[in-house]
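what follows is a predicted protein model with its sequence.
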Amino acid sequence: MTSISFVIPAYNEEAGLGRTLDAIEQAARALGEAAEVIVVDDASSDGTAAIAHAHGARVVSVHCRQIAATRNAGAREACGAMLVFVDADTLVTDAVVRAAVAAMRGGAAGGGCAFRFDGRLPLYGRVLAAVATPVYRIAGLASGCFLFCTRDAFAATGGFDEALFGAEEAAMSRALRRHGRFVVLRESVTTSGRKLRAYSGREVLGIMLRLALTGSKAVRRRDGLDIWYGERRADPGSDT
């Protein structure tokens with residue numbers, strides 16, 4: 001019987017998906033748990049689905065172009081008692097998966113973890129990275145790149161809020177915390193810093209400012225959220 005379901009939303013992620021799947025496979029093998037990997041291919045036009053199949057993942061095809069709905073579609077197909085949502089450009093470790101499973105088996109409804117960005121970042125990105133993990137920990141929020149919860153807790157919350165085109169992980173974190181204990185692990189994952197390299201500080205901080213000033217109103221429509229929904233910009237370069 002499947003214990004853990006890894007759910008990976010993916011839109012045109014052929015560049016990094018293979019490494020993500022390799023890391024998950026290694027972590028699951030080290031843990032010795034019965035696990036499944038579900039890649040939710042959200043209308044990709046590249047080789048995302050082929051790479052997922054080649055790595056033995058189950059592919060669920062959707063046409064949502066809305067991250068909360070894509071995550072929920074994967075969860076509906078999952079068989080595991082524990083759900084781990086991992087972004088397609090994020091590398092997990094044995095330690096973080098083991099800690100997440102231990103937290104859920106210890107009674108936590110869900111949680112997140114520390115995170116760091118790969119590659120060389122611009123100055124604004126380095127500042128943002130330095131404050132992000134402490135802010136998430138103090139606020140008790142999971143980042144979008146790694147969020148876990150029990151199946152029962154997921155069902156109790158109703159899943160990710162599909163009225164939101166962004167910040168759905170923050171809303172889910174709060175919903176899980178209302179349902180039970182929510183933890184932010186000290187173990188970390190490594191996620192892509194490509195958006196911080198491809199977008200200017202003005203663009204990224206502008207979206208963050210709108211979120212701070214208007215709350216969820218800023219993410220209830222796709223317009224203005226090009227960082228997540230616009231045409232993919234080339235990564236100017238990384239050290240990985």
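Looks like it came in fine.

packing partners for the lengthiest helix in the chain?
Secondary structure of the chain per DSSP state H: the longest helix is helix 123-139. Taking 3 or more C-beta pairs under 8 Å, 6 or more residues apart in numbering; DSSP states H and E as contact, the helices and strands that helix 123-139 lies on are strand 110-117, strand 182-191, helix 194-198, helix 201-214. C-betas here are computed from N, CA, C, even on glycine.

what residues sit buried inside the longest one?
For helix 201-214, the neighbour count (16 or more other C-beta atoms under 10 Å) marks 204, 207, 211 as buried.

ok, the shortest one next?
Residues of helix 194-198 classed as buried: 194-197 (neighbour count, 16+ other C-beta under 10 Å).

give me the mean pLDDT for that helix.
For helix 194-198, mean pLDDT is 93.

neighbouring contacts of that helix?
If you take C-beta atoms under 8 Å, 6 or more residues apart in numbering as the criterion, helix 194-198 is touched by 89, 117, 119-122, 124-125, 128-129, 204, 227, 233-238.

cutoff 6 Å now
For helix 194-198, contacts defined as C-beta atoms under 6 Å, 6 or more residues apart in numbering pick out 121, 125, 227, 233, 235-236.

mind checking which of these are buried?
With neighbours counted by 16+ other C-beta under 10 Å, the contacts of helix 194-198 contain buried members at 121, 125, 227, 235.

can you tell me which two in the residues you listed are farthest apart?
Pairwise distances across the buried ones among the contacts of helix 194-198 peak at 15.0 Å for 121 and 227 (criterion: C-beta to C-beta).
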